[in-house]
Structures are given as C-alpha cells and as structure tokens.
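> Here you go, sequence then predicted model.
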Amino acid sequence: MADFLPDFIRDHGYLAVFLLMWVETFFPIFPSELVMPLSGLIATQNGMSLAGVAVSGAAGAMTGSVTWYWAARALGAARFKRLVTRYGRITTVSMHEVEWLERWFHRLGPVLVLVGRVVPAVRTAISIPAGLVAMPFGRFLLLSAIGTLVSTGLLTWLGSLLGDHYEAIEHYAGPVSTGIVAAAFLLWLTRLVLQFVRRGR
C-alpha cells in the first residue's frame, strides 16, 4: 500500500483522490485517514491545490454516500423491518433497536448526518438510516457535503503540514481505522453468539 498510493495519486492527481475516496465507501481498503493526508502532502510537492484535493476527495465520498442513500430509500423502512423480522437473528438487529433508531433519527437526523461524516466507519453507514427514513434529499445532500468537506479539508491540510513525517500518520491512523472496523465486527459476532446461547437455554 505504501508504494501504490503515492504513485497512483502522483500519476492521476485529482481523479485518483476521487476514486480512492469513492472506493472507500464500499470497500474500506484505503481509509480516508490515509488517503487525504497523503494527497495533501503530495499536493505540496507536485502543484495540485489543497482545495482541489479536498473537493475531489469530498466528491468521491459523496458519490458513494448518495448511492447508499438511494439504495436504502428504495428499500424503504417497511421492507427493511420485514427483513429484520425475517433475518434479525443473523444481523443481530432487533425490531426494538430499529424502532429506537428510527425515532432518534427523526428527532436528530440532521445532526447525526452532519457529525457522522467526520467519524471513521460511521461516515458511510449514516447514509443508510437517512435513506430508510426518507430524509429530504436536499437536506441530506447539503449536510453530508458540509460534513464531508470539513473532514477532507482538515485531513488534507494536516497532510500538507507533515512534510517527510507522513509515516507517522500512516503508522497511527491505519491501525486506528482498522481497529474501529474490527471492533464493529467483533460486536456483531458477540451479539450473534449470545443470541444462539440464549436460544439454547
């Protein structure tokens, strides 16, 4: 990864930043905590503008987020609840939790979307409940764009300050992002095991 990312960004510029951030919304192979600072660092070396890098990254992330939003909206809350009823044991999601999330999203949806855009692992997932409860698309788009631009802009700026110390952020940000995803998987696995244990009693 250390060899591929810099070369890809140098060779393809803004398009590379867009594609890497878009791919992250589906397969978090290259987390934005690595892509955007590295892109900011390279921008200071090859003439790309920091604003262009931040906007390219935000555009890529937004493209994926909008895709998730419309997929969830097409599914709809009613159909999603039927799936939870049928496959809830596998997903470990209960109807009570779905209804709880739905109530809170109706109350604080705009805040959750805005803040969620700067939180690793949550930034993409937050599009799904927004689509399920049919948050107005214009509001979703505006709030998501603001949160995403803040995130990509900050990470790009930090990268531009790193100089030859990029390895430091790669050393820490990579494991942190991986840890968040791993923790989410372990939580799901624990809930799944506990469900089968309770049923076996």
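Sure, I can see it. Numbers count the residues shown, from 1 in each chain.

> which residues of this structure fall in helices?
For the chain, helices defined by DSSP state H occupy the ranges 4-24, 32-46, 50-75, 77-91, 95-116, 122-125, 127-132, 137-162, 166-200.

> Turn the ones you listed into CSV, columns for mean pLDDT and mean neighbour count.
(Each C-beta comes from the backbone N, C-alpha and C, glycine too.) Output for those, formatted as CSV (pLDDT from 0 to 100; neighbours: other CB atoms under 10 Å):
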stretch, mean pLDDT, mean neighbour count
helix 4-24, 90, 18
helix 32-46, 87, 23
helix 50-75, 93, 20
helix 77-91, 64, 13
helix 95-116, 76, 15
helix 122-125, 77, 18
helix 127-132, 85, 23
helix 137-162, 92, 19
helix 166-200, 55, 12
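
> can I get the CA coordinates of stretch 65-79 in PDB?
Output in PDB follows, covering the C-alpha atoms of stretch 65-79 (Å, rounded to 0.1, in the frame of the first residue of the first chain):
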ATOM      1  CA  SER A  65     -22.800   8.100   0.100                       C
ATOM      2  CA  VAL A  66     -25.500   9.200  -2.200                       C
ATOM      3  CA  THR A  67     -25.600   5.700  -3.700                       C
ATOM      4  CA  TRP A  68     -26.100   4.200  -0.300                       C
ATOM      5  CA  TYR A  69     -28.800   6.800   0.500                       C
ATOM      6  CA  TRP A  70     -30.800   6.000  -2.600                       C
ATOM      7  CA  ALA A  71     -30.400   2.200  -2.200                       C
ATOM      8  CA  ALA A  72     -31.700   2.500   1.400                       C
ATOM      9  CA  ARG A  73     -34.500   4.800   0.300                       C
ATOM     10  CA  ALA A  74     -35.500   2.400  -2.500                       C
ATOM     11  CA  LEU A  75     -35.700  -0.400   0.100                       C
ATOM     12  CA  GLY A  76     -37.800   1.700   2.400                       C
ATOM     13  CA  ALA A  77     -38.400   1.400   6.200                       C
ATOM     14  CA  ALA A  78     -41.300  -1.000   5.900                       C
ATOM     15  CA  ARG A  79     -39.400  -3.500   3.700                       C
END
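
> And the contacts of that stretch?
Residues from elsewhere that reach stretch 65-79 (CB atoms under 8 Å, 6 or more residues apart in numbering): 25, 80, 102, 123-124, 127-134, 137, 140-141, 144, 148.

> same thing but 7 Å
Residues from elsewhere that reach stretch 65-79 (CB atoms under 7 Å, 6 or more residues apart in numbering): 25, 102, 124, 127-128, 130-134, 140, 144.

> and if you look at stretch 106-115?
The contact list for stretch 106-115 (CB under 7 Å, 6+ apart) reads 105, 126, 130, 133, 135, 139-140, 143-144, 146-147.

> Which two among the contacts of stretch 65-79 are spaced furthest apart?
Across the contacts of stretch 65-79, the longest distance by CB to CB is 23.0 Å; it joins T25 and E102.

> quick one, what contacts S144?
Contacts of S144 by CB under 7 Å, 6+ apart are 62, 65, 113, 117.

> quick one: L41 and W157, what's the gap?
11 Å (CB to CB, to the nearest Å).
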